[in-house]
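Visitor: fold the following for me, if possible:
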Amino acid sequence: MNISLQQLWRGAVNTFLAYPLVLLAAFTGTAAVIINTDLSFNQKQEHLYLEKLMLVSSLGLILFFTFELLVSKYKLALRWRVALWVLGAGLLGLYFWLLPLELQPKHWQRYLMLALALHLAASYAMFLNRREENAFWQFNKVLFLRILTSALYSGVLFLGLVIAVLAMQELFSVAIDGNFYAELWLFMVGVFNTWFFLAGVSTNVPELEQTHQYPKGLKVFTQFVLLPLVTLYLLILYAYFGKIILQWAWPEGWVSVLVLCFSIAGILSLLLIHPIRFEEGNTWMRTFSRWFYRALFPLLILLVLAIWRRVSEYGVTEERYVVMALAVWLLATALYFLFSRQKNIKFIPITLSIVALLAAFGPFSAFQVSEWSQVRRLERLLQESKVLVNGQIQRQHPPVKAEIAQEVSSIADYLARYHDFKALKPWFKYNMQDSLATATDTLKTRWQRSIASRNKVLELMGLEYKTQTATTGEQHFYITSNFSGISDEVYDINGYAYFTKVSLRTFDEEARTAYKLGKVPMTLELKEDAPVLYFHFEQETLMLNLLSAIQKFEHRQQERINPTDLTFVIEGEKVQLKVVLEEISGFRKEHYRIQSLQANVFVQLQE
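Guide: Model prediction:
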């Protein structure tokens, strides 16, 4: 089949006319990503709206795609199509306006839930009636294969263009900006890949209903790759299920991930083999489709036990909420396909999209339930420790046990990062929000503000931030003078001949790193059993004992320390050093041990 450039151009134009706002969202989101990629850290702090634009554009892409499917299915007039565009733009504008300028982790999590719900909605938007199940399957088969084809074409074209640009750079000495390749990749993924994918989407429902093609490659992939992997997962999980019954022990928390992976892979397998599972010669597929949901029940018990143990000990978080919601959904799905006469596969995306929406919004969302659970857990711990009496915080209270102080610190850290402390306001006799505002007003980043607010709330409770591993009793510390990883300090090198950044990591043994200061060798050594840093030169060895600094600042976990408080000057007979610590972390059990250290070192050698 010959395809001319005119045909390609006509096809591209027709695709744009069929999905104008989808491609406009792709252009906008890609441009926002590219611009944001080229900005420095400080510039990104001044253009935080770009992250919001990326989120809204990506959601708009799939939202407008779903609307265009509805227009095509029901052959809506132009005025209704425009009405859907206005509705979509209004919803996206409202979402953009409701998002704060600086996004928190919960906003990214809610975005992922919304994206999942919208993608699932696109899969069934044209098939809301009980019939047309074959058209539903064929449509999603086309989407699945089109995604793979688009990824292949985009990847090959990107590599070809990269090689062409490299050839021009090497052969003709053409100067190419270092960000060009990343920008090209983003353009290929965001614009070309989207455009190419849309060009192959079929929306003719009657034609899809009459189609009964099943790609041979898909059958081979499902029968000889996916189904054997699902069976292997099943055998491993059943063996583990037998082990915990024999040992009468709680299941490990990690098993919930494996159960979910098995369930997702199994359901995907069932969807892929749905049209041919009862055909002659497909005995294994028929057996798998009949027994999968029955085999799922014992594993759901395993999943519930694993997540219930974590929830009972540490309360609900967004991640645990998602696992619990998926467990309930899997149970409902298994019951439906075992006892329903219809067994319509559209049940899977429709119900999962509803679960995603309920988890994203409303009084029973993942965020509301998690915050409520952690606040109730914090309230119980503070009441047990006499810190909270009759609903009021007591600054003067009995000493708090170490393990309880660690749990309180963990909850405070969680609330600071994912929510806020408004729910704790009734516990304080004075205005807690004013104290938090005073502690965070001058800080630049959300991370800095969350840590400062956490520490301030603990201070108002008469507590300090503590982190501790319950199994080993190790008290960890993390001291830093630089949050972003990009130092914004300007150092005066007057009086020193050399400057270098140093980094050491030690976990199971001593650490040694060699540096060259011009022609002068310098070796740094960090002992395993003591917080002492050695600087070895040919002339002499200097030593910096960090014990006093660690003891002074270890209670200020992850709070930004003024660099001048972490600056040390060491004078020897032949060498003078100035060391400015940027980061130091480790733990204390019987003695202090440093695991990670970063610093700026200034060196002056005496004649």
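Visitor: for the rest of this, base every contact and every neighbour count on C-alpha atoms.
Guide: Will do.
Visitor: which non-adjacent residue is nearest I147?
Guide: Using C-alpha to C-alpha, 6 or more residues apart in numbering and skipping the chain neighbours, the partner closest in space to I147 is F197 (6.4 Å).
Visitor: how about the one you found, what does it touch?
Guide: Contact analysis of F197 by C-alpha atoms under 8 Å, 6 or more residues apart in numbering lists 146-147, 150.
Visitor: ok, E207 next?
Guide: Listed by C-alpha under 8 Å, 6+ apart, the contact set of E207 reads A135.
Visitor: over to F127?
Guide: The contact partners of F127, by C-alpha under 8 Å, 6+ apart, come to 133, 135-136.
Visitor: so which of those residues sit within strands?
Guide: Residues of these located in strands (DSSP state E): none.
Visitor: distance to T15 and neighbour count for those - can I get that in a markdown table?
Guide: As requested, those are arranged in a markdown table below (distance: C-alpha to C-alpha, whole Å; neighbours: other C-alpha atoms under 10 Å):
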| residue | distance to T15 | neighbour count |
| --- | --- | --- |
| E133 | 26 | 19 |
| A135 | 22 | 22 |
| F136 | 22 | 21 |
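Visitor: all strands for the chain, in order.
Guide: Using DSSP E, strands in the chain cover 388-389, 392-393, 475-480, 498-505, 511-517, 520-526, 532-536, 541-545, 567-571, 575-588, 592-605.
Visitor: mean pLDDT lowest where, among these?
Guide: Among the strands of the chain, strand 475-480 has the lowest mean pLDDT, at a mean of 77.
Visitor: alpha carbons only: can I get that one in PDB?
Guide: Only the C-alpha atoms of strand 475-480 are listed here, as PDB (Å, rounded to 0.1, in the frame of the first residue of the first chain):
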ATOM      1  CA  GLN A 475      18.300   6.600  67.000                       C
ATOM      2  CA  HIS A 476      18.800   8.100  63.600                       C
ATOM      3  CA  PHE A 477      19.900  11.700  62.900                       C
ATOM      4  CA  TYR A 478      19.900  13.800  59.800                       C
ATOM      5  CA  ILE A 479      21.500  17.300  59.900                       C
ATOM      6  CA  THR A 480      21.600  19.600  56.900                       C
END
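Visitor: what's it packed up against?
Guide: With contacts defined as 3 or more C-alpha pairs under 8 Å, 6 or more residues apart in numbering; DSSP states H and E, strand 475-480 has these neighbours: strand 575-588.
Visitor: mind listing what's buried along the strand it packs on?
Guide: The neighbour-count check on strand 575-588 (16 or more other C-alpha atoms under 10 Å) flags 575-587 as buried.
Visitor: rounded mean pLDDT for the helix ranked longest in the chain, please.
Guide: The longest helix of the chain (DSSP state H) is helix 133-171. The average pLDDT within helix 133-171 is 94.
Visitor: and what of stretch 546-561?
Guide: Here stretch 546-561 scores 78 as its mean pLDDT.
Visitor: what does stretch 70-77 give?
Guide: 94.
Visitor: please identify the buried residues of it?
Guide: By neighbour count on 16+ other C-alpha under 10 Å, the buried set for stretch 70-77 is 70-73.
Visitor: roughly how far is it from the heart of the chain?
Guide: Relative to the chain's own centre, stretch 70-77 is displaced by 37 Å; criterion: C-alpha atoms, centre = their mean, to the nearest Å.
Visitor: one more: stretch 251-262?
Guide: Computed by C-alpha atoms, centre = their mean, the chain-centroid distance of stretch 251-262 equals 19 Å.
Visitor: pull out the CA atoms of that stretch and give them to me as CSV.
Guide: Only the C-alpha atoms of stretch 251-262 are listed here, as CSV (Å, rounded to 0.1, in the frame of the first residue of the first chain):
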residue,chain,number,x,y,z
PRO,A,251,1.6,-12.4,56.7
GLU,A,252,4.3,-10.0,55.7
GLY,A,253,3.1,-6.6,54.5
TRP,A,254,4.9,-7.0,51.2
VAL,A,255,2.7,-9.9,50.2
SER,A,256,-0.2,-7.5,49.6
VAL,A,257,1.8,-6.0,46.6
LEU,A,258,2.3,-9.5,45.1
VAL,A,259,-1.4,-10.4,45.6
LEU,A,260,-2.4,-7.2,43.8
CYS,A,261,0.1,-7.8,41.0
PHE,A,262,-1.3,-11.4,40.6
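Visitor: hang on, the earlier thing: list the helices and strands the longest helix of the chain packs on?
Guide: helix 105-124, helix 180-187, helix 193-199, helix 205-210.
Visitor: can you say which of those is nearest to F241?
Guide: Checking those against F241 by C-alpha to C-alpha gives helix 105-124 as the closest, at 30.7 Å.
Visitor: residues in contact with that closest one?
Guide: Residues outside helix 105-124 that contact it (C-alpha under 8 Å, 6+ apart) are 55, 59, 62-63, 65-66, 69, 99, 136, 139-140, 346, 349-350, 352-354, 356-357, 359-360, 367, 417-419.
Visitor: run the angle between that helix and helix 133-171 for me.
Guide: On the basis of axes from the mean of the first three to the mean of the last three C-alpha atoms, to 10 degrees, helix 105-124 is oriented at 120 degrees to helix 133-171.
Visitor: now helix 105-124: buried residues?
Guide: By neighbour count on 16+ other C-alpha under 10 Å, the buried set for helix 105-124 is 106-107, 109-124.
Visitor: ok, stretch 600-607 next?
Guide: Judged by neighbour count using 16+ other C-alpha under 10 Å, the buried positions of stretch 600-607 are 600-605.
Visitor: alright, that wraps it up for me.
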